[in-house]
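Student: Fold the following for me, if possible:
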Amino acid sequence: MHVFKCGTPALDFVGTLRARHNPEPLEMLSSPESLDAWYRESGVVDGEANCGPADVAEAVALREAIYALVAAKLAGESYQADALSLVNRTARTPSAVPQLTQAGRRIEATAQQALSSVAREAIRILSGPEGSLLKECSRPECTQIYIDRSHGARREWCAMDPCGNRVKAAAYRARKKVNKPRTSATASVRP
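Tutor: Residues are numbered from 1 along each chain as shown. Here you go, the predicted structure:
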């Protein structure tokens, strides 16, 4: 099951490699079915994109390129040429197009069109005013990048559940441990 807590599909897409800085990160795009599910669950498409193994490899490459660009933006560094080239090349292909049906709006797309939609969204974020609002979750085990739209830009976590709750609980336990009253190890014994 995929998680969508970053505020935009492009950043949620980057978050499909969970615990990125850990020795063994968790890959959520491990099969064509998981990529199809991500496109559907994220709202990039309403049906199936009919992904194949090559589509998964392309998606992972794009995800890592977007992450490299976002990381450079966060660090105030120049973009890596390879990452920039891949995102731009992917965005040049046709994207998913919403269609009006009797039941309402429906988005059907190929895997390439869905991937192009993600690349275009990444470009929109990185080139627009939201680029200055990007942050990485402050919980060490989490590496989600999110847009901090909070008042005063003081948000620290990608989401309160689970990251904020875990950080606050750990801080509470640490305070309790430090403030724990000391008891005498030796009891007075009557002769």
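Student: Just checking, which helix or strand of this protein averages the lowest pLDDT?
Tutor: One helix or strand of the chain scores below all others by mean pLDDT, DSSP states H and E: helix 165-178, with a mean of 66.
Student: all helices for the protein, in order.
Tutor: Listed in chain order, the helices of the chain (DSSP state H) span 9-14, 32-42, 53-75, 81-92, 111-127, 165-178.
Student: mind putting those helices in CSV, distance to residue 154 and mean neighbour count included?
Tutor: Backbone N, C-alpha and C define where each C-beta goes, glycine included. Output for the helices of the chain, formatted as CSV (distance: least, CB to CB, whole Å; neighbours: other CB atoms under 10 Å):
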stretch, distance to residue 154, mean neighbour count
helix 9-14, 19, 25
helix 32-42, 27, 20
helix 53-75, 17, 18
helix 81-92, 30, 16
helix 111-127, 20, 21
helix 165-178, 14, 11
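Student: need the least confident one among those, by mean pLDDT.
Tutor: For the helices of the chain, mean pLDDT drops lowest on helix 165-178, to a mean of 66.
Student: Contacts only, for the residue lying closest to residue 106 once chain neighbours are set aside.
Tutor: Spatially, and ignoring its direct neighbours in sequence, residue 106 is nearest to residue 46 (5.0 Å; CB to CB, 6 or more residues apart in numbering). Residues in contact with residue 46 (CB atoms under 8 Å, 6 or more residues apart in numbering) are 40, 106, 107, 108.
Student: One more pass at 7 Å, please.
Tutor: 106, 107, 108 (CB atoms under 7 Å, 6 or more residues apart in numbering).
Student: wait, residue 121 sits on residue 10?
Tutor: Yes: assessed by CB atoms under 7 Å, residue 121 is found in contact with residue 10 at 4.0 Å.
Student: Give me the common contacts of these two.
Tutor: With CB under 7 Å, 6+ apart, residue 121 and residue 10 have no common neighbours.
Student: And the pLDDT at the residue nearest to residue 106?
Tutor: For residue 46, the model assigns a pLDDT of 93.
Student: Quick check: the gap between it and residue 40.
Tutor: 7 Å (CB to CB, to the nearest Å).
Student: Could you say which one of the helices of the chain comes nearest to residue 24?
Tutor: Closest to residue 24 of the helices of the chain is helix 53-75 (CB to CB; 16.2 Å).
Student: Cool, thanks, signing off.
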